[in-house]
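Visitor: Predicted model follows, preceded by the sequence.
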Protein chains: 2
Amino acid sequence: MSATDVDRGTVELGEFRFECGETIQELEIAYEAYGEFTGDNAVLICHALTGSQNVASYNTPGTAGQARAWWGDIVGPGKAIDTTEYYVVCANVPGSCYGSSGPSSTNPETGEPWGSAFPPVTIGDWTRAQRRLLDHLGVGRLRLIIGGSVGGMNVLEWAKQFPDDAELIAPIAAADKLDPQCLGLDAIARRAIRSDPNWNGGDYYGSGDDDASPPRQGLAIARQIGHLMYLSKASMDRKFGRRSAGRDSGIEGSDALFPPDAAAAFFPYREVESYLDYNAEQFTDRFDANSYLYLTRAMDDYDLAEGHGTVDRAVSAFEGEVLLLSFTGDWHFTVEQSEHLAEAFRAVDIPVAHHVVDSDHGHDAFLVEPENVAPPVGDFLNSGIAGRAITDTAETDDDVDSGNTDFAPVHTSLFSG
Amino acid sequence: MSATDVDRGTVELGEFRFECGETIQELEIAYEAYGEFTGDNAVLICHALTGSQNVASYNTPGTAGQARAWWGDIVGPGKAIDTTEYYVVCANVPGSCYGSSGPSSTNPETGEPWGSAFPPVTIGDWTRAQRRLLDHLGVGRLRLIIGGSVGGMNVLEWAKQFPDDAELIAPIAAADKLDPQCLGLDAIARRAIRSDPNWNGGDYYGSGDDDASPPRQGLAIARQIGHLMYLSKASMDRKFGRRSAGRDSGIEGSDALFPPDAAAAFFPYREVESYLDYNAEQFTDRFDANSYLYLTRAMDDYDLAEGHGTVDRAVSAFEGEVLLLSFTGDWHFTVEQSEHLAEAFRAVDIPVAHHVVDSDHGHDAFLVEPENVAPPVGDFLNSGIAGRAITDTAETDDDVDSGNTDFAPVHTSLFSG
């Protein structure tokens, strides 16, 4: 296989017992792998909430938006994670909808979609499923495990469950657990899906002569709430301001997802609304509403310290080095939360660098600022935390304490007082 | 009338032409008035989005939650706005649902609720309706016009439309316009209401033998989104953390607003969810879904500069003094936005003080921290901006510029950086 080819497949990994206690007979995991495995050059990439295994290659059927080649500027030949040197694997997590077992996949015992009968999944389940896939692919110890957002939680779970399995880990824009503001927003998003009459308790896939009628309005609202969490005030000011979308409220018309209100004709249809509507509509074409319920449940439930009491004890057995990346404009996974992780690793003498990127893009920054993400990630992969492009908050602690920097304590003080 | 009595009523103010161009034949305005009018002691209070005219007195039928005696710690005998000295008026805005004309009130021409036939309203309309009410009550020039949140926008509109009519104005936790992040969240909330099949294009009030079946799920989701905007990360951490609500997911059961998902039994029902669900359920009992659409439209549309090009020109004719109050933990109406207003007043030499309260309560602070709101408000009412309890950011500009204070530029830099 050449360095620019992709190994794309779905493997059957046999019986799988979920953390909730339920078992399915055949766990299917869809994955992509780039580059050639040489024994010590494996990289596992963990995707974000609505991402897919299609981390780098184009022309993939069935994916779109942030699920398609979502890190194409970071991963590929000559990129920071260079597929001519490294063997890169990304797997769709169980519960998702890009080919791995999940509520929209077929239950082999019934021949119908699982729907609401699919077991609840956790990030611990994702991690054990990825371990099983790597065993299948013949990969033992990895050079690097990396991922952003809830994918960063997935990375942290690897350090906790399989502390000997990676030389390097890089949780990006991550946290040991979500804060209650995000828990609240995710809960509202789930209520929007469950309130859509088409959701029907989770069984809306149709069968036989019944057409599927998925809960598109509920999923669109859920996605719009999520979308707001990924942007910052500053990026929204720059992208949209208060500008009118400069066209009739066509998308609010009869073909659109949402019925118009009587006042819609008098008030402008703003660019921010147009953007949210357009993206939500695209999203409902590519993502499954039940998967959104299952995966946000997994994210909300995650608590790295669980079973160990504290975060530092949970990661204390990890044998490698850690790069934490965070972004100053991110209010979903804050700089302060990454700093909290850094302190935990430092407390148990694990080599760690917390590299803070000054950015007003919000949580999206890890996807849309490859120019700031690639250098520290590439250096880390090749040289560990000694990499030249990597900075560490520990070196600037005085500044952080005095509130004179652009780092977490300043930017997150809005929320944390 | 004694100083502790309340004059509670609904007046018919005749034909009213809305800014949108539509006219209704009879504008009804529900109001409450406290204290005795002596000619120069009138105070107009402007309520927030879902507030009511019941600013201070208890035992009011038909209101609850933040609509009942919502500023009872600020307004009353011996309080900062002392009803033994001042004549205090608060009117329910047109479009709302506490007795003034709005989508849920009766259209006299049909004998049925207006529903979707009610004209779109603006904050300019609210202001002209209040002016008409005060004329009816015999009040010309006022000592003070004060209000929080969108009520603060209402106050600003007074200074623009009727610049000679008040000696003092106090917009609290306000802004000249909403930022696109808040516009986006409000738009999502409206989509949730309009997606509820019970909304039925805005006509759900029932008539004759038809029972009303309001869009409770949609309104509940809209309110939950709003609720999140009123709290800060810090206040949510303190109130809820990630704690389980410590009881079965009863509220998610068959009696509840939202149908449960299959995974609900495995994952905890958290305090933050319980709080949002409980409050949303209460809210749907007291507030009308169409009013939520109409009033958020008015708020989103508001732009103080409109018609004048800039904010300073819009307020330049105002003849009195201005107190701006803002709260460091507020991400709905930020300290920075109030500072922007302060700069506009300073630019046209209008006496202004911008008093910043260090608080992690979020936008709710103007309702839940009377101990911090009452002193500057009381001093302002009695002595103008010379009041001793009033501070001004202009006095601490050096600190603000260097980023060494708890004021706006630090706290809001998370979003605006």
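Guide: Sure thing, it's come through. Please read these numbers as outputs of a predicted model, since none were measured by experiment. Numbering: from 1, shown residues only, chains lettered A, B, ... in the order given.
Visitor: List the contacts of the nearest residue to residue A:45 once chain neighbours are set aside.
Guide: Using CB to CB, 6 or more residues apart in numbering or on different chains and skipping the chain neighbours, the partner closest in space to residue A:45 is residue A:90 (4.3 Å). C-beta coordinates here come from the backbone N, C-alpha and C atoms, glycine included. Contacts for residue A:90 (CB atoms under 8 Å, 6 or more residues apart in numbering or on different chains) come out as A:31, A:32, A:33, A:44, A:45, A:46, A:47, A:53, A:54, A:55.
Visitor: before we move on, which element is the fourth one in?
Guide: Secondary structure assigned from DSSP states H and E places residue A:44 in strand A:42-46.
Visitor: Determine how far that strand lies from the middle of the whole chain.
Guide: Distance of strand A:42-46 from the chain centroid (CA atoms, centre = their mean, to the nearest Å) equals 14 Å.
Visitor: go on, stretch A:104-123?
Guide: That offset, for stretch A:104-123, works out to 21 Å (CA atoms, centre = their mean).
Visitor: Pull out the buried positions in it.
Guide: Neighbour-count burial for stretch A:104-123 flags A:104-105, A:107, A:113-123 (criterion: 16 or more other CB atoms under 10 Å in any protein chain shown).
Visitor: again, but for stretch A:221-241
Guide: A:221-237, A:240.
Visitor: and the gap between residue A:141 and chain B?
Guide: From residue A:141 across to chain B, the span is 33 Å (CB to the nearest CB, to the nearest Å).
Visitor: Contacts only, for the residue lying closest to that residue once chain neighbours are set aside.
Guide: Leaving aside its chain neighbours, residue A:141 sits nearest to residue A:165 (5.6 Å; criterion: CB to CB, 6+ apart). Residues in contact with residue A:165, defined by CB under 8 Å, 6+ apart, are A:131, A:140, A:141, A:142, A:145, A:158.
Visitor: got the contact list for whichever strand or helix holds the fifth one?
Guide: The one in question is residue A:145. Per DSSP H and E, residue A:145 falls inside strand A:142-148. Strand A:142-148 has contacts (CB under 8 Å, 6+ apart) with A:40-48, A:81, A:86, A:134, A:154-155, A:158-159, A:165-174, A:366-367, A:377, A:380-381.
Visitor: If you go by neighbour count, which of those residues are buried?
Guide: Using 16+ other CB under 10 Å, the buried members of these are A:41-48, A:81, A:86, A:134, A:154-155, A:158-159, A:165-174, A:366-367, A:377, A:380-381.
Visitor: Determine the next helix or strand in the C-terminal direction from the strand or helix carrying residue A:356.
Guide: Using DSSP H and E, residue A:356 sits within strand A:352-357. Using DSSP H and E, the helix or strand that follows strand A:352-357 in sequence is helix A:365-368.
Visitor: Tell me the first helix or strand C-terminal of that next one.
Guide: Next along from helix A:365-368, by DSSP H and E: helix A:370-383.
Visitor: Run through who's touching that following helix.
Guide: Helix A:370-383 has contacts (CB under 8 Å, 6+ apart) with A:43, A:71, A:73-74, A:79-82, A:86, A:143-144, A:146, A:168, A:170, A:172, A:321, A:323, A:325, A:353, A:355, A:357, A:359, A:365-366, A:387-391.
Visitor: May I have that helix exported as PDB, CA atoms only?
Guide: Taking C-alpha atoms only, helix A:370-383 is exported to PDB below (Å, rounded to 0.1, in the frame of the first residue of the first chain):
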ATOM      1  CA  PRO A 370      -4.300  24.000  11.600                       C
ATOM      2  CA  GLU A 371      -1.500  26.600  11.400                       C
ATOM      3  CA  ASN A 372      -1.500  26.800  15.200                       C
ATOM      4  CA  VAL A 373      -2.200  23.100  15.800                       C
ATOM      5  CA  ALA A 374       0.200  21.500  13.400                       C
ATOM      6  CA  PRO A 375       3.500  22.800  14.700                       C
ATOM      7  CA  PRO A 376       3.200  21.700  18.300                       C
ATOM      8  CA  VAL A 377       1.500  18.400  17.300                       C
ATOM      9  CA  GLY A 378       4.200  17.600  14.700                       C
ATOM     10  CA  ASP A 379       7.000  18.400  17.100                       C
ATOM     11  CA  PHE A 380       5.400  16.400  19.900                       C
ATOM     12  CA  LEU A 381       5.000  13.400  17.600                       C
ATOM     13  CA  ASN A 382       8.700  13.500  16.600                       C
ATOM     14  CA  SER A 383      10.400  14.800  19.700                       C
END
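Visitor: Next, the angle from that helix to strand A:42-46.
Guide: 140 degrees (axes from the mean of the first three to the mean of the last three CA atoms, to 10 degrees).
Visitor: Measure how far helix A:370-383 is from the centre of its chain, please.
Guide: 19 Å.
Visitor: what do you get for stretch A:298-312?
Guide: 17 Å.
Visitor: hmm, it in reach of chain B?
Guide: Yes - using CB under 8 Å from any CB of the partner chain, stretch A:298-312 reaches chain B at A:300, A:301, A:303.
Visitor: wait, which of these is closest to residue B:7?
Guide: Comparing the residues of stretch A:298-312 next to chain B against residue B:7 with CB to CB places residue A:300 closest, at 49.8 Å.
Visitor: Stretch A:190-210: end-to-end distance?
Guide: End-to-end span of stretch A:190-210 (CA to CA, to the nearest Å): 25 Å.
Visitor: Flag every residue of the stretch 1-150 of chain A that's near chain B.
Guide: So far as CB under 8 Å from any CB goes, the stretch 1-150 of chain A lies against chain B at A:20, A:116, A:117, A:118, A:120.
Visitor: In JSON lines: these, plus pLDDT.
Guide: Listed next are these as JSON lines, based on pLDDT from 0 to 100:
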{"residue": "A:20", "pLDDT": "96"}
{"residue": "A:116", "pLDDT": "93"}
{"residue": "A:117", "pLDDT": "95"}
{"residue": "A:118", "pLDDT": "97"}
{"residue": "A:120", "pLDDT": "97"}
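Visitor: quick one: secondary structure of the nearest residue to residue A:354 once chain neighbours are set aside?
Guide: Take residue A:354 and drop its neighbours on the chain: the residue closest to it by CB to CB, 6+ apart is residue A:342, 3.8 Å away. Three-state call for residue A:342 (DSSP: H, G, I helix; E, B strand; the rest coil): helix.
Visitor: residues contacting residue A:342?
Guide: Residue A:342 sits next to A:324, A:352, A:353, A:354, A:392, A:393, A:394 when contact means CB under 8 Å, 6+ apart.
Visitor: Against residue A:310, how distant is the fifth one?
Guide: With the distance defined as CB to CB, to the nearest Å, residue A:392 ends up 22 Å from residue A:310.
Visitor: repeat for the fourth one
Guide: Note on residue A:354: its distance to residue A:310, by CB to CB, is 18 Å.
Visitor: Same check on the third one?
Guide: Between residue A:353 and residue A:310 the distance, using CB to CB, works out to 21 Å.
Visitor: thinking again about what came up before, just the closest of the contacts of residue A:90 to residue A:199, please.
Guide: Of those, the one sitting nearest to residue A:199 (CB to CB) turns out to be residue A:47, at 24.5 Å.
Visitor: in the helix or strand hosting residue A:336, what counts as buried?
Guide: For residue A:336, the element it lies in under DSSP H and E is helix A:335-347. Buried residues in helix A:335-347, counting neighbours by 16+ other CB under 10 Å, are found at A:335, A:336, A:337, A:338, A:339, A:340, A:341, A:342, A:344, A:345, A:346.
Visitor: Quick check: which element contains residue A:9?
Guide: If you go by DSSP H and E, residue A:9 is part of strand A:6-12.
Visitor: Keeping just the C-alphas, turn that strand into CSV.
Guide: The C-alpha trace of strand A:6-12 is given here as CSV (Å, rounded to 0.1, in the frame of the first residue of the first chain):
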residue,chain,number,x,y,z
VAL,A,6,-6.2,4.5,2.8
ASP,A,7,-7.2,1.1,4.3
ARG,A,8,-10.9,1.5,4.8
GLY,A,9,-13.0,-1.2,6.4
THR,A,10,-15.4,-2.5,8.9
VAL,A,11,-14.3,-5.4,11.1
GLU,A,12,-16.4,-7.8,13.2
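Visitor: I am finished for the moment; much appreciated.
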